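**Q** Quick check, what structure comes out for this input:
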Amino acid sequence: MTGTPGTGKTTATELLETDLDVVHLNEAIREEALYERVDEERDSVVADMDAVAEWLGGRDDVVIDSHLAHHLDIDRVVVLRCRPDVLEERLVERGEGEASAAENAESEALDVILSEAVDTHGFDSVYEIEATERTPEAVATEIEAVIEGERDPSAGEVSYIEYL
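**A** Numbers count the residues shown, from 1 in each chain. Next comes the predicted model:
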């Protein structure tokens, strides 16, 4: 489970009805010190992806919730999408700085995470879900369909280029 911060990943994964464990990776990175350095300007940490992979231990029985999940060796990638204007508003409401919120909205408009996921895992492993107008429960249902193999891969169906 990946996507730009603010797309609803954590909210949706908390509603999943699955036997798989859900790993909220961003929390684990901070709690387990799985990072290389602190980025003071962005008030964030720079993850050590090798340490993250080692910490996960090659488990394939988990759902990983993080804007970094697509950088891991995984078999399926769900990319949540959200209209950039809505995304920016959500981020500001939860306390992100204006510059950070605008940067994330621009990243969403440019399909940055989707492009990285497709480059790393290929079209046949990426499942894009437009979450802007969907309830968290509806998004969780879509994710469950991916987990169960009941949904076809879909990448490149959502476009926010008009927001640039």
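**Q** quick one: secondary structure of Val158?
**A** Three states are possible here, and by DSSP: H, G, I helix; E, B strand; the rest coil the one that applies to Val158 is coil.
**Q** What about Val22, how many residues nearby?
**A** Residues lying near Val22 (other CB atoms under 10 Å) number 16. Every C-beta, even on glycine, is put in place using the N, C-alpha and C of the backbone.
**Q** Do I have it right that it meets Thr11?
**A** No. Taking CB atoms under 8 Å as the contact criterion, Val22 and Thr11 are not neighbours in contact, 11.8 Å apart.
**Q** which SS class is Arg37?
**A** strand.
**Q** That one: what's it in contact with?
**A** Contacts for Arg37 were tallied using CB atoms under 8 Å, 6 or more residues apart in numbering; they are Val45, Val46.
**Q** Quick check: beta-bridge partners of it?
**A** Under DSSP bridges, the beta-bridge partners of Arg37 are Val46.
**Q** Could you check how far it is from Asp48?
**A** Using CB to CB, to the nearest Å, one obtains 9 Å as the distance from Arg37 to Asp48.
**Q** Show me the helices in this structure, by range?
**A** Under the criterion DSSP state H, the chain carries helices at the ranges 9-13, 25-31, 49-56, 84-93, 98-109, 112-121, 136-147.
**Q** just the ones you listed: most buried one?
**A** For these, the largest average neighbour count (mean count of other CB atoms under 10 Å) is found in helix 9-13, namely a mean of 22.
**Q** so how far is that helix off the chain centroid?
**A** 9 Å (CA atoms, centre = their mean, to the nearest Å).
**Q** Packing partners of that helix?
**A** Judged by 3 or more CB pairs under 8 Å, 6 or more residues apart in numbering; DSSP states H and E, the packing partners of helix 9-13 are strand 21-24, strand 62-65, helix 136-147.
**Q** for the ones you listed, which one sits closest to Thr4?
**A** Each of the helices and strands packed on helix 9-13 has some distance to Thr4 by CB to CB; the shortest is strand 62-65, at 13.3 Å.
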